[in-house]
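Visitor: Model the following, please.
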Amino acid sequence: MVRTRKAAALAALSMLWAGPSFAEGTLCLSYGYEDPGRTVNGPIVLGRINTVSPKVHFLKNPLVDRSCPNMSSACQEKAYLVPGDEVVVIGTKGDYICASYASKQGRVTKNWLPSANVSIVQDPPPVETKDWVGQWQSGPEQSIEITQADKVGTLSIKGDASWGAGDPERVKRGAVNVGSLEGEMKPEDAMLSFGIGENGTLPFDQADEADCKVRMQRLGPYLLVKDNKYCGGNNVSFTGVYRRP
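Guide: Presented below is the predicted three-dimensional model:
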């Protein structure tokens with residue numbers, strides 16, 4: 001079943017790769033914030049920087065320069081990757097892919113990359129329960145700790161997130177919003193989802209829309225997280241690309 005879904009995703013990505021360009025002005029946004037009307041969308045797969053070039057620069061979004069992405073120096077960002085680096089591929093636009101990369105410190109960079117420099121990892125190893133365990137970080141304001149729970153095969157998930165903690169003025173005014181996660185759930189291969197109700201953890205489809213609801217996916221070195229924006233105060237979200245040290 002897992003192999004079938006993976007094969008379907010790769011086939012869909014291949015069609016996107018070979019298909020026509022997206023409309024001019026299409027944006028590459030962070031994982032979890034895709035907008036079908038304005039941003040690139042596609043099957044989420046793992047990509048690896050190949051050896052076509054010794055380093056590959058991220059390319060700017062059309063919000064910065066309407067002509068981007070293209071291979072001109074004007075479109076190149078300072079951030080770059082080297083062969084062997086792995087990225088989360090979100091979709092494509094012509095000869096370019098929209099991708100996110102997180103360092104081992106959890107610093108996330110996203111934007112366009114030339115598709116010629118990225119190879120799809122077609123056979124990632126199976127995900128075991130132990131592969132979820134660790135301290136995961138996404139940027140300076142999102143962290144999730146996953147440990148083995150007492151029940152075999154079950155994970156304990158605890159997370160903290162904030163919005164505005166990097167702004168000294170907000171900190172001074174006490175205007176930092178916070179959120180938290182705490183639950184236990186058994187993953188299904190590379191996927192895990194749950195809700196948090198008044199009485200604790202719930203299966204995702206049994207949680208109310210106003211409850212905190214979270215979907216997680218393990219992909220290569222990454223933990224991908226999407227929530228429903230009800231896991232904390234205003235603007236607080238756990239959505240993002242996470243990585244362990």
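Visitor: From now on I want contacts and neighbour counts done on CA atoms only, so please keep to that.
Guide: Will do.
Visitor: So what's the residue count around residue 33?
Guide: 12 (other Cα atoms under 10 Å).
Visitor: Relative to residue 153, how far out is it?
Guide: Distance from residue 33 to residue 153, counting by Cα to Cα, to the nearest Å: 31 Å.
Visitor: cool, residue 111 as well?
Guide: From residue 111 to residue 153 the distance is 36 Å (Cα to Cα).
Visitor: More neighbours: the two, which one.
Guide: The neighbour count for residue 111 versus residue 153, taken as other Cα under 10 Å, is higher for residue 111 (23 against 14).
Visitor: Which neighbouring elements make contact with the strand or helix carrying the more buried one?
Guide: Applying DSSP states H and E as the criterion places residue 111 in strand 108-114. On a contact count with 3 or more Cα pairs under 8 Å, 6 or more residues apart in numbering; DSSP states H and E, strand 108-114 meets strand 56-59, strand 96-102.
Visitor: Single out the most deeply packed of these.
Guide: strand 96-102 (a mean of 25; mean count of other Cα atoms under 10 Å).
Visitor: Note down every partner strand of it and its orientation.
Guide: Sheet pairing for strand 96-102, assigned by DSSP bridges, gives strand 86-93 (antiparallel), strand 108-114 (antiparallel).
Visitor: what's the model's confidence in the next helix or strand after the last one, averaged?
Guide: Read in the C-terminal direction, the helix or strand following strand 108-114 is strand 118-120, with elements assigned using DSSP H and E. Predicted confidence along strand 118-120 averages 96 (mean pLDDT).
Visitor: Show me how far strand 118-120 is from its chain's centre.
Guide: The chain centre lies 17 Å from the centre of strand 118-120; the measure is Cα atoms, centre = their mean, to the nearest Å.
Visitor: that older thread, CA atoms only for the strand holding residue 111, dumped as PDB, please.
Guide: Below are the C-alpha coordinates for strand 108-114, written out as PDB (Å, rounded to 0.1, in the frame of the first residue of the first chain):
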ATOM      1  CA  VAL A 108      14.600  26.600   7.200                       C
ATOM      2  CA  THR A 109      15.300  28.000   3.700                       C
ATOM      3  CA  LYS A 110      12.800  27.700   0.900                       C
ATOM      4  CA  ASN A 111      12.500  28.800  -2.700                       C
ATOM      5  CA  TRP A 112      13.100  27.700  -6.300                       C
ATOM      6  CA  LEU A 113      15.900  25.400  -7.400                       C
ATOM      7  CA  PRO A 114      16.700  24.300 -11.000                       C
END
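Visitor: any idea how far stretch 43-63 is from the chain center?
Guide: 15 Å.
Visitor: what domains does the record give for the chain?
Guide: 2-120, 129-243 (automatic domain parsing).
Visitor: now the helices and strands packed on strand 108-114 as a markdown table including mean pLDDT and distance to residue 83?
Guide: Shown next, in a markdown table, are the helices and strands packed on strand 108-114 (pLDDT from 0 to 100; distance: least, Cα to Cα, whole Å):
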| stretch | mean pLDDT | distance to residue 83 |
| --- | --- | --- |
| strand 56-59 | 98 | 8 |
| strand 96-102 | 95 | 13 |
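Visitor: what's the closest of the ones you listed to residue 68?
Guide: Residue 68 lies closest, by Cα to Cα, to one member of the helices and strands packed on strand 108-114: strand 56-59, at 7.2 Å.
Visitor: which stretches of this structure have low pLDDT?
Guide: 1-25, 35-39 (pLDDT under 70).
Visitor: Partner strands of the helix or strand in which residue 225 is found and their direction?
Guide: Following DSSP H and E, one finds residue 225 within strand 222-227. Here strand 222-227 is paired, per DSSP bridges, with strand 212-219 (antiparallel), strand 240-243 (antiparallel).
Visitor: Cool, thanks, signing off.
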